[in-house]
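Undergrad: Sequence first, then the predicted structure, then my questions.
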Amino acid sequence: EVQLVESGGGLVQAGGSLRLSCAASGFRFTDYAIAWFRQAPGKEREGVSCIGDSGVNPYYGDSVKGRFTISRDNAKRMVYLQMNNLKPEDTAGYFCAGQRPGVTGYDSWGRGTQVTVSS
């Protein structure tokens with residue numbers, strides 16, 4: 001069974017940092033691209049960042065470029081999202097998702113971790 005479990009969310013002041021973790025199990029981790037999405041109440045889900053199996057050339061959404069960094073440790077089956085200079089508009093539930101090779105879209109999702117940034 002594919003499982004993705006997020007952790008690391010919390011309450012932080014504007015300008016602060018958090019590191020989110022996504023622990024993967026139940027599938028061939030090195031074959032999968034892993035992404036972070038976020039969704040705030042009343043807003044559409046937004047793609048934050050994505051990293052392929054090799055970790056080369058990750059994607060970042062415009063709203064987080066220069067502030068967030070995605071990385072993966074294939075040996076530990078982990079993906080991380082380092083979030084610096086957090087802003088109140090970063091407040092959302094953050095979800096990691098897995099994309100199988102050859103498949104369009106993400107079909108494996110974690111339950112999410114809440115990030116709240118106070119002004």
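TA: Thanks, I have the structure now. Numbers count the residues shown, from 1 in each chain.

Undergrad: Who is the spatially most central residue of the chain paired with across the strands?
TA: Among the residues of the chain, the one closest to the centroid is Trp36, at 2.6 Å (CA atoms, centre = their mean). On the basis of DSSP bridges, Trp36 is bridged to Ser49, Cys96.

Undergrad: what residues are up against it?
TA: Contacts for Trp36 were tallied using CB atoms under 8 Å, 6 or more residues apart in numbering; they are 20, 22, 47-50, 70, 79, 81, 94-97. All C-beta atoms are positioned from the backbone trio N, CA, C, and that covers glycine.

Undergrad: Kindly recompute the last result at 6 Å.
TA: 48-49, 81, 94, 96 (CB atoms under 6 Å, 6 or more residues apart in numbering).

Undergrad: For these, give me JSON lines that also has pLDDT.
TA: JSON lines is the format used below for those (pLDDT from 0 to 100):
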{"residue": "Val48", "pLDDT": "98"}
{"residue": "Ser49", "pLDDT": "98"}
{"residue": "Leu81", "pLDDT": "98"}
{"residue": "Tyr94", "pLDDT": "98"}
{"residue": "Cys96", "pLDDT": "98"}
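
Undergrad: so which of the residues you listed is the most crowded?
TA: Ranked by the number of neighbours (other CB atoms under 10 Å), these place Cys96 first, at 29 neighbours.

Undergrad: so who does that residue touch?
TA: Contacts of Cys96 by CB under 6 Å, 6+ apart are 4, 6, 22, 34, 36, 110.

Undergrad: TSV for those residues, including pLDDT and distance to Asn57?
TA: Shown next, in TSV, are the contacts of Cys96 (pLDDT from 0 to 100; distance: CB to CB, whole Å):
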residue	pLDDT	distance to Asn57
Leu4	97	22
Glu6	98	23
Cys22	98	19
Ile34	97	14
Trp36	98	16
Gly110	97	23
